[in-house]
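Novice: no sequence for this one, just the structure:
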């Protein structure tokens, strides 16, 4: 059994992907209030797994030795550092595209966005400030204490990545919707 919060949660969608691509006998159980409740249910043996935490979550909460990571998708360097196999390795290239699409949101955390139409000079001020913040040794030490594998992405690069993601093939979006029902 895979625990999940509700049908709009990443825990549910990721569980459904696992069920529909890897093991159709998996049951996704709804109703947990969040990741802390899922972790407690896992520790008590009430569920067999849940789909959602990042490597940073495990390290930050000191849980890397209390739970076994089976596999994951996303950043290949993170997976290699964990020493785990990708449980989705055997899926078709088309379904791999669906998985990659579903995991894009986990590539960037703490994104800062301004409203569409913000004047370019204002955008530059914010981007320069963000860049300067990521050069501050005190800030870097503080955030790496919480997110050990933190790395920042400059605004232009992130905007290009989001634009590319928004241009996803409609067939991939339709397959994602089908697999996460």
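Specialist: Yep, that arrived. What you see is a predicted model, and the numbers here were worked out from it, not measured in a lab. Residues are numbered from 1 along each chain as shown.

Novice: And the strands in this structure, which stretches?
Specialist: With DSSP state E, the ranges of strands along the chain come out as 2-3, 28-29, 49-50.

Novice: pLDDT of the last one, averaged?
Specialist: In other words, strand 49-50. What strand 49-50 shows for mean pLDDT is 82.

Novice: now swap in the first one and tell me
Specialist: Averaging pLDDT along strand 2-3 yields 88.

Novice: Each with direction, which strands does it pair with?
Specialist: Here strand 2-3 is paired, per DSSP bridges, with strand 28-29 (parallel), strand 49-50 (parallel).

Novice: now, of these, which is deepest in the fold?
Specialist: strand 49-50 (a mean of 22; mean count of other CB atoms under 10 Å). Just so you know, the C-beta spots here come from the backbone N, C-alpha and C atoms, and that holds for glycine as well.

Novice: Tell me how far that strand lies from the chain's centre.
Specialist: The gap between where strand 49-50 is centred and where its chain is centred comes out at 15 Å by CA atoms, centre = their mean, to the nearest Å.

Novice: count of residues packed around residue 156?
Specialist: Look at residue 156: counted by other CB atoms under 10 Å, it has 10 neighbours.

Novice: Now it. Nearest residue, chain neighbours left out?
Specialist: Among residues not flanking residue 156 along the chain, residue 127 sits closest, at 7.5 Å (CB to CB, 6 or more residues apart in numbering).

Novice: For that neighbour, give me its contacts.
Specialist: 154, 155, 156 (CB atoms under 8 Å, 6 or more residues apart in numbering).

Novice: Which ones among those residues map onto helices?
Specialist: 155, 156 (DSSP state H).

Novice: Closest to residue 33 out of the contacts of residue 127?
Specialist: residue 155 (34.6 Å; CB to CB).

Novice: Give me the spatial nearest neighbour of the closest one, chain neighbours excluded.
Specialist: residue 127 (4.2 Å).

Novice: where's the one you found relative to residue 168, distance?
Specialist: 25 Å (CB to CB, to the nearest Å).

Novice: How about residue 102?
Specialist: From residue 102 to residue 168 the distance is 11 Å (CB to CB).

Novice: Looking at those two now, which is surrounded by more residues?
Specialist: residue 102 (20 against 15).

Novice: correct me, but the more buried one touches residue 15?
Specialist: No. Counting by CB atoms under 8 Å, residue 102 sits too far from residue 15 to count as a contact (11.6 Å).

Novice: so what pLDDT did the spatially most distant residue from the centre of the chain get?
Specialist: Most distant residue from the mean C-alpha position of the chain: residue 121, 31.9 Å away (CA atoms, centre = their mean). pLDDT recorded at residue 121 is 93.
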